[in-house]
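Chemist: the sequence isn't on hand, but the structure is:
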């Protein structure tokens with residue numbers, strides 16, 4: 001037996017808060033036997049592998065180190081492949097792929113987190129799925145996020161906790177949402193500048209550049225999210241103030257190259273204000289942007305930190321999202337008042353034709 005599992009046994013034992021004597025008692029062996037296992041001077045008998053794995057809160061594959069440790073990028077790539085399969089062959093073909101990957105890498109918090117993302121994305125990509133199927137997707141995502149949170153993985157714990165709080169809010173479990181949010185730190189340490197200085201001192205300017213650009217992109221997206229929240233009429237009921245915030249949203253979007261879909265924000269505000277002529281103009285521009293090419297992040301600001309492939313043309317809005325947009329424009333009462341404008345009727349026709 002060539003594999004070395006002593007370090008794994010010792011680490012898992014300490015993680016469970018067990019002494020060598022306590023582990024030995026659970027398995028019916030001596031403490032010196034456990035000590036020899038942990039120093040790789042001997043190996044557990046094969047009949048003890050399953051009881052040992054259970055006592056350490058793991059499985060035999062992980063104990064014997066047959067489980068590959070997935071990086072963030074590897075987990076994301078595997079789940080991107082699942083999404084591509086779903087788009088090509090339907091979600092029915094992709095669901096078993098998720099189950100297989102989770103079985104193959106049972107302790108990967110990165111994989112669980114990205115799998116939860118995929119379950120949520122299914123709602124957008126497959127809006128025609130029945131309610132039972134959508135509920136199952138939501139339950140799967142919630143279960144995975146709970147497992148990520150329970151793992152206490154530093155890379156995902158905060159995000160999983162925040163998303164679970166959002167789910168609790170959606171389910172009207174306000175007390176649970178508040179408890180989860182209270183666990184989140186008020187301030188997070190940002191080591192971007194320190195990492196940048198380190199790379200510069202190591203004479204690795206490209207790595208310094210990538211580090212700052214990636215962080216800046218995250219901050220820009222967060223700024224847009226904050227501005228979008230401020231445009232909620234419950235937060236800011238004054239229409240003129242909403243429009244001013246929306247102008248700021250547009251300026252940030254255009255400056256950094258984010259989506260180009262801010263016309264939808266203006267559309268909602270003008271509708272609430274009863275300014276139908278302006279709302280109609282926004283609907284036309286929104287439809288044009290939705291069917292046009294995607295706006296890419298500005299290379300001068302975000303490359304090489306982000307992989308910006310401006311040679312690959314893709315639509316600003318996916319086919320599934322455009323389909324949902326058309327459904328909303330045709331079904332929701334507030335948009336029907338805009339259909340008295342021929343330009344709006346024509347814009348919706350073009351959206352449908354594009355589908």
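Modeler: Nice, thanks for sending it over. Worth saying up front: this structure is predicted, and the values here are computed from it rather than measured.

Chemist: chain center to stretch 170-189, what's the gap?
Modeler: The chain centre lies 18 Å from the centre of stretch 170-189; the measure is Cα atoms, centre = their mean, to the nearest Å.

Chemist: end-to-end on it?
Modeler: Across stretch 170-189, the straight-line distance between its terminal residues is 29 Å, by Cα to Cα, to the nearest Å.

Chemist: so where's the longest helix in the protein?
Modeler: Here the longest helix in the chain is taken by residue count, with DSSP state H as the criterion, and it is helix 205-230.

Chemist: list the buried residues of that helix.
Modeler: Judged by neighbour count (16 or more other Cβ atoms under 10 Å), helix 205-230 contains these buried residues: 207-213, 215-217, 220, 224, 227, 230. Where you see a C-beta, it was placed from the backbone N, CA and C, and this is true even at glycine.

Chemist: got it, and stretch 32-50?
Modeler: By neighbour count, with 16+ other Cβ under 10 Å as the criterion, the buried positions of stretch 32-50 are 33, 34, 36, 37, 38, 43, 44, 48, 49.

Chemist: what does stretch 287-295 give?
Modeler: Neighbour-count burial for stretch 287-295, with 16+ other Cβ under 10 Å as criterion, is recorded at 287, 289, 290, 291, 294, 295.

Chemist: Three-state assignment for the last one, please.
Modeler: In other words, residue 295. Taken by DSSP: H, G, I helix; E, B strand; the rest coil, the conformation at residue 295 corresponds to coil.

Chemist: got the domain ranges for the protein?
Modeler: The chain breaks down into these structural domains: 6-63, 72-183, 207-354 (assignment by automatic domain parsing).

Chemist: which of those has the lowest mean pLDDT?
Modeler: Here the domains of the chain differ in mean pLDDT, and the lowest is domain 6-63 at a mean of 87.

Chemist: for that domain, measure first residue to last.
Modeler: Taking Cα to Cα as the measure, domain 6-63 stretches 10 Å from start to finish.

Chemist: distance between it and the chain's centre?
Modeler: Mean-position distance between domain 6-63 and its chain equals 36 Å (Cα atoms, centre = their mean).

Chemist: can you check stretch 300-315 too?
Modeler: Centroid separation between stretch 300-315 and its chain, computed with Cα atoms, centre = their mean, is 20 Å.

Chemist: equivalent analysis for stretch 291-304, please.
Modeler: Using Cα atoms, centre = their mean, the distance from the centre of stretch 291-304 to the centre of the chain it belongs to is 20 Å.

Chemist: now, which of the buried residues of stretch 287-295 sits nearest residue 196?
Modeler: The shortest distance between residue 196 and any of the buried residues of stretch 287-295, using Cβ to Cβ, involves residue 295 and amounts to 27.0 Å.

Chemist: now the closest one: closest residue in space, sequence neighbours ignored.
Modeler: Of all residues beyond its chain neighbours, the one nearest residue 295 is residue 260 (3.7 Å), with distances taken as Cβ to Cβ, 6 or more residues apart in numbering.

Chemist: ok, now how distant is that neighbour from residue 280?
Modeler: 19 Å (Cβ to Cβ, to the nearest Å).

Chemist: ok, residue 14 next?
Modeler: Remark: distance between residue 14 and residue 280 (Cβ to Cβ) = 66 Å.

Chemist: more neighbours, the two?
Modeler: Shown here are residue 14 and residue 280; by other Cβ atoms under 10 Å, residue 280 has more neighbours (22 against 10).

Chemist: tell me who's in contact with that one.
Modeler: With contact taken as Cβ atoms under 8 Å, 6 or more residues apart in numbering, residue 280 is in contact with 338, 341, 343, 344.

Chemist: please repeat the previous calculation with a cut-off of 6 Å.
Modeler: Applying Cβ atoms under 6 Å, 6 or more residues apart in numbering, one finds that residue 280 lies in contact with 338, 341, 344.

Chemist: any idea how far residue 114 is from it?
Modeler: From residue 280 over to residue 114 (counting by Cβ to Cβ), the distance is 41 Å.

Chemist: burial check on residue 119, number of neighbours?
Modeler: Other residues within reach of residue 119 by the criterion other Cβ under 10 Å amount to 22.

Chemist: same question, the one 10 residues further on
Modeler: By the criterion of other Cβ under 10 Å, residue 129 has 15 neighbours.

Chemist: same check, this time on residue 243
Modeler: Residue 243 has 18 neighbours, counted by other Cβ under 10 Å.

Chemist: ok, now residue 201?
Modeler: One way to gauge burial is a neighbour count; for residue 201, by other Cβ under 10 Å, it gives 9.

Chemist: now it: how far from residue 226?
Modeler: In this view, residue 201 and residue 226 are 34 Å apart by Cβ to Cβ.

Chemist: before we move on, back to that, mind checking how far the longest helix of the chain is from the chain centre?
Modeler: Remark: helix 205-230 is offset 16 Å from the chain centroid, using Cα atoms, centre = their mean.

Chemist: tell me the helix or strand right after that helix.
Modeler: Per DSSP states H and E, the first helix or strand lying C-terminal to helix 205-230 is helix 239-256.

Chemist: now the angle from that following helix to helix 205-230?
Modeler: Counting by axes from the mean of the first three to the mean of the last three Cα atoms, to 10 degrees, helix 239-256 lies at 160 degrees to helix 205-230.

Chemist: show me which residues of helix 239-256 are buried.
Modeler: With burial defined by 16+ other Cβ under 10 Å, the residues of helix 239-256 counted as buried are 242, 243, 245, 246, 249, 250, 252, 253, 256.

Chemist: does the fifth one really touch residue 227, like I thought?
Modeler: Yes. Under the contact definition of Cβ atoms under 6 Å, residue 249 touches residue 227, with a separation of 4.4 Å.
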